[in-house]
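Generate coordinates for the sequence data below:
(2 chains)
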Amino acid sequence: MKIATWNVNSLKARLPRVEAWIGEHQPDVLVMQETKLADSAFPTSVFADLGYASTHHGNGRWNGVAILSKVGLEDARGGFSGEDSASVEECRIVQAICAGVKVMSVYVPNGRTVDSEFFEQKLAWLGQLRRELDLTCQPGDEVVILGDFNVAPEDRDVWDITQFVGMTHVTPEERAALANVEDWGLSDAMRVTNPDEIGPFTWWDYRAGAFHKGWGMRIDLALVSQPVLARLTAAYRDREARKGPQPSDHAPVVIELKERD
DNA sequence: ATGGTAGCGCTGCTA
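So this is what the prediction gives:
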């Protein structure tokens, strides 16, 4: 079972590349972030023609998350489960059961600057994500949270930590909020399969030729529960997808799971 | 060229 995540930075702008990527990589499940679409504009039929059931949670201009699956899509639901969560959620989470695996597509708030209200909202959002796990499932379940976390878990997950003094994505507060999610019972799949590497990076700024200079960050993650970790055979990012005309600024991350024993 | 680029959508916001 191949599960992929990709922040597409506008599905309208990226649809041809997404279709091509699906054709080449044939994921069983593909989750996306930053579709920037309203639900009514989501190209359900395009993906259906490719063999995928889909669910989308978006308002239009900002954010927007989706799940595509050709192995079943049950109990699809957008937003957090707790009451009064709509204001904090902002069309940044959608989930479904795909072939018995609880799959979540998340787009964690950017945080902008450490002294802003948006930074506090980012930390609160990650707190809500932990609460969602506590409320809706157990660590012994098969759970995968994939998406753009906008947090680099370690210093080696950015190209030059000295460039990040006073910046978001690397602060102890953000890393603690991410760790609090992982402490529920999740492992960072890419780090498990690449224990000694720098990165590998999944995002490069469009500006200043950052991609070609290697100025990237590893902020797109696949967090897996222990039963999923036991099935994990590979985790990687597709750097090729960042190349060529009109790329997203993010590369897809893929995990592969063996059949259940 | 003294921030840069991309997307949305039409003015500036978000990343």
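
When you work out contacts or count neighbours from here on, use the C-alpha atoms and nothing else.
Noted.

how about the residues of the stretch 101-250 of chain A near DNA strand B?
By CA under 7 Å from any atom of the strand, the part of the stretch 101-250 of chain A that sits against DNA strand B consists of A:Pro109, A:Asn110, A:Gly111, A:Arg112, A:Tyr206, A:Arg207, A:Ala208, A:Gly209, A:Gln246, A:Pro247, A:Ser248.

hang on, the third one is in a strand, isn't it?
Just to be clear, that refers to A:Gly111. No - assessed with DSSP: H, G, I helix; E, B strand; the rest coil, A:Gly111 is coil; it does not lie in a strand.

How about it: what's its closest non-neighbour residue?
Counting by CA to CA, 6 or more residues apart in numbering, A:Phe119 is the residue found nearest to A:Gly111 once chain neighbours are left out, at 4.0 Å.

on that earlier part again, closest one of the residues of the stretch 101-250 of chain A next to DNA strand B to DNA strand B?
Nearest to DNA strand B among those: A:Arg207, at 3.5 Å, using CA to the nearest atom of the strand.

Now do the same contact list for the closest one.
Applying CA atoms under 8 Å, 6 or more residues apart in numbering to A:Arg207 gives no contacts.

what do you get for A:Ser187?
By CA under 8 Å, 6+ apart, the neighbours of A:Ser187 are A:Leu223, A:Val224, A:Ser225, A:Gln226, A:Leu229.

again, only this time at 10 Å
By CA atoms under 10 Å, 6 or more residues apart in numbering, the contact set of A:Ser187 is A:Val144, A:Ala179, A:Val181, A:Leu221, A:Ala222, A:Leu223, A:Val224, A:Ser225, A:Gln226, A:Val228, A:Leu229.

Same check on A:Arg61?
A:Ser10, A:Glu34, A:Thr35, A:Lys36, A:Leu37, A:Ala38.

Could you verify my assumption that A:Trp125 touches A:Cys91?
No - A:Trp125 sits out of contact with A:Cys91 when judged by CA atoms under 10 Å, with a separation of 11.6 Å.
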